[in-house]
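1. any chance you can model this:
(chains A and B)
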Amino acid sequence: MATEVSGENYDGLLKEMETLKGRLDEERLKLNDVALSTVSQRLEGMAQLSIKPRRVLKGHQAKVLCADWSSDKRHIVSSSQDGKIIVWDAFTTNKEHAVTMPTTWVMACAFAPSGNLVACGGLDNKVTVYPLSMEDDPINKRKTVGTHTSYMSCCLFPNSDQQILTGSGDSTCALWDVESGQLLQSFHGHSADVMSIDLAPSETGNTFVSGGCDRTALIWDMRTGQKVQAFEGHDADINSVKFYPSGEAIATGSDDATCRLFDLRADREVAVYTKESIIFGVNAVDFSVSGRILFAGYNDYTVNVWDTLKCSRITMLYGHENRVSCLKVSPDGTAICTGSWDFTLRVWA
Amino acid sequence: MMSQVQAMKKQVTQLRQEASVQRIPVSQACEELIKHCQEHQKTDVLVTGISPSENPFKENKTCNLL
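-> Purely as a prediction, here's the structure:
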């Protein structure tokens, strides 16, 4: 653990900061002995993928901004610029619930692990939960759990229905108690809007990653509120962050038209997913269950399918007629759901 | 000025902690990423493909026989 800084001298501190930054860069460079694409040369390429468009979910009257799968691998919740959240049966394309929020631009939505609750929010700066029941209109049972000082850009339930983790335009993340609405922990460290968060895929789940408009991805200890690691490298806003399934790395998608892979134990970037022909920003990234495929949704209406290890593009998914704003692999890894500014969601499998 | 020094101290503490992290070489990190994929790729249906009978998103074929 780091020792407390005792000096009071501004110039002394500035000098130490520069020295430490230099040492960090040096250490990270020293261990950069080989590229991932070189190590993975011995691997076979993937056989032709059979992923096809299977469902189109129509019902939103404006841009789809966020989507999340239920743990039952069948239902999807989506939120839109039209102020609505819709719960879909992805097998039948039926809408099972539709809730109109008191705000437009519902930028974030998430299913609780039980599947009985959804959380959402956006330009209202709030995270609100709606219990889903067939008997009652969800709107009568809605509950505001937390409030940021700027828009809420992303939210998720870490491990149980009892807590919600949020990211915000106020450049913080926050952990809330659903029942009491109490702020359990806040996370200060970003210097600009937080755009995306993801939970580490471990049993204990005490680590999460956040990415944002300061072009930085930060790893946090949820219990202490401490920033554990910081990853830089992108030349523009990070819009999406996602843990590699082993928890050993994170993928990022950015407005600089690249996706990147940062390894936690090497403490540095280990791969960049880019092509000269790709010039539009990335809004969403997710992995297939093994981690071999990295899906990325772009502003040029396409989904690029990358071989995570060989760092090459395998194929593209065409269908959306506007920006792909969100993208999620289903919990069992059998399908992916994409949401777009073309007002639709699509399921590919 | 005081708050500036305070903020600076916080940053230095953070950097000291980040600098003290134990790192592994990229080659080793890559091997472990590859190992994870190899162990799980067989059950990754988006990679291997899924038999139509097991795919809940397969189109329901309409029967044309009368």
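
2. got a pLDDT number for B:Leu65?
-> With respect to pLDDT, B:Leu65 has a value of 57.

3. scratch that, A:Ala110
-> pLDDT at A:Ala110 comes out at 98.

4. give the buried residues for the strand or helix carrying A:Val56.
-> Taking DSSP states H and E as the definition, one finds A:Val56 inside strand A:53-58. Within strand A:53-58, the residues that qualify as buried are A:Arg54, A:Arg55, A:Leu57, counting by 16 or more other CB atoms under 10 Å in any protein chain shown. Heads up, the C-betas are built off the backbone N, CA and C, glycines and all.

5. in chain B, which segments are predicted with low confidence?
-> B:1-2, B:59-66 (pLDDT under 70).

6. quick one, strands of it?
-> Ranges of strands within chain B: none, based on DSSP state E.

7. what segments of it are helices?
-> Ranges of helices in chain B, per DSSP state H, are B:2-19, B:26-40, B:45-48.

8. which residues sit in contact with the residue positioned nearest the centre of chain B?
-> Centroid-nearest residue in chain B, with CA atoms, centre = their mean: B:Leu33, separated by 9.2 Å. The neighbourhood of B:Leu33, defined by CB atoms under 8 Å, 6 or more residues apart in numbering or on different chains, consists of A:Leu36, A:Tyr244, A:Ser246, A:Glu248, A:Ala249, A:Leu261, A:Asp263, A:Val270, A:Gly291, A:Thr308, A:Leu309.

9. out of the helices of chain B, which is the most enclosed?
-> Ranked by mean neighbour count, those are led by helix B:45-48 with a mean of 22 (mean count of other CB atoms under 10 Å in any protein chain shown).

10. please state the offset of it from the chain centre?
-> Offset of helix B:45-48 from its chain centre (CA atoms, centre = their mean, to the nearest Å): 16 Å.

11. same check on stretch A:305-318?
-> Distance, centroid of stretch A:305-318 to centroid of chain: 19 Å (CA atoms, centre = their mean).

12. now it: buried residues?
-> A:Val305, A:Trp306, A:Asp307, A:Thr308, A:Leu309, A:Lys310, A:Cys311, A:Arg313, A:Ile314, A:Leu317.

13. over to stretch A:113-132?
-> Within stretch A:113-132, judged by 16+ other CB under 10 Å, the buried ones are A:115, A:117-132.

14. A:Cys66 contacts A:Trp105, doesn't it?
-> No: if you go by CB atoms under 8 Å, A:Cys66 and A:Trp105 don't touch, sitting 10.4 Å apart.

15. tell me which of those two has more neighbours.
-> A:Cys66 (25 against 18; other CB atoms under 10 Å in any protein chain shown).

16. any idea which helix or strand carries the more buried one?
-> Secondary structure from DSSP H and E places A:Cys66 in strand A:64-69.

17. what sits up against that strand?
-> A:75-81, A:105-111, A:118, A:120, A:122, A:154, A:325-326, A:328, A:330-331, A:337-341, A:343-345.

18. in strands, which of these fall?
-> A:75-80, A:108-111, A:118, A:120, A:154, A:325-326, A:328, A:337-340, A:344-345.

19. low pLDDT regions in the stretch 1-150 of chain A?
-> In the stretch 1-150 of chain A, residues with pLDDT under 70: A:1-8.

20. now with 50, please.
-> Counting by pLDDT under 50, the low-confidence segments of the stretch 1-150 of chain A come to A:1-2.

21. up against chain B, what does it have?
-> Within the stretch 1-150 of chain A, the positions lying close to chain B (CB under 8 Å from any CB of the partner chain) are A:1-5, A:7-8, A:10, A:13-14, A:16-17, A:20-21, A:23-24, A:27-28, A:31-36, A:39-40, A:43, A:46-47, A:49-51, A:54-55, A:74, A:90-91.

22. can I get the buried part of the residues you listed as one PyMOL selection?
-> The buried residues among the residues of the stretch 1-150 of chain A next to chain B can be selected in PyMOL (16+ other CB under 10 Å) with this line:
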select buried, chain A and resi 5+13+16+17+20+24+28+31+35+36+39+40+46+49+51+54+55+74+90
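
23. sort out for me which of the residues of the stretch 1-150 of chain A next to chain B are in strands.
-> Using DSSP E, the residues of the stretch 1-150 of chain A next to chain B in strands are A:Arg54, A:Arg55.

24. helices along the stretch 1-150 of chain A, start to end?
-> Applying DSSP state H, counting those that start in this stretch to the stretch 1-150 of chain A gives helices spanning A:10-30, A:36-39.

25. and those helices as TSV, adding distance to B:Ala7?
-> What follows is the helices of the stretch 1-150 of chain A, written out as TSV (distance: least, CB to CB, whole Å):
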stretch	distance to B:Ala7
helix A:10-30	10
helix A:36-39	36
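
26. and the residue of the stretch 101-250 of chain A closest to chain B?
-> Residue nearest to chain B within the stretch 101-250 of chain A (CB to the nearest CB): A:Ser246, separated by 4.0 Å.

27. please name the nearest non-neighbouring residue to that residue.
-> Nearest residue to A:Ser246 in three dimensions, chain neighbours excluded: B:His36, at 4.0 Å (CB to CB, 6 or more residues apart in numbering or on different chains).

28. list the contacts for the one you found?
-> A:Tyr244, A:Pro245, A:Ser246, A:Glu248, A:Ser290, A:Gly291.

29. among the residues you listed, which pair sits farthest apart?
-> Largest separation among these by CB to CB: A:Glu248 and A:Ser290, giving 13.2 Å.

30. who has more neighbours out of these two?
-> More crowded of A:Glu248 and A:Ser290, by other CB under 10 Å: A:Ser290, with 24 against 20.

31. can you count the residues close to the spatially closest residue to A:Thr308 that is not a sequence neighbour?
-> Closest residue to A:Thr308 apart from its sequence neighbours, by CB to CB, 6+ apart: A:Leu294 at 4.6 Å. A:Leu294 has 26 neighbours, counted by other CB under 10 Å.
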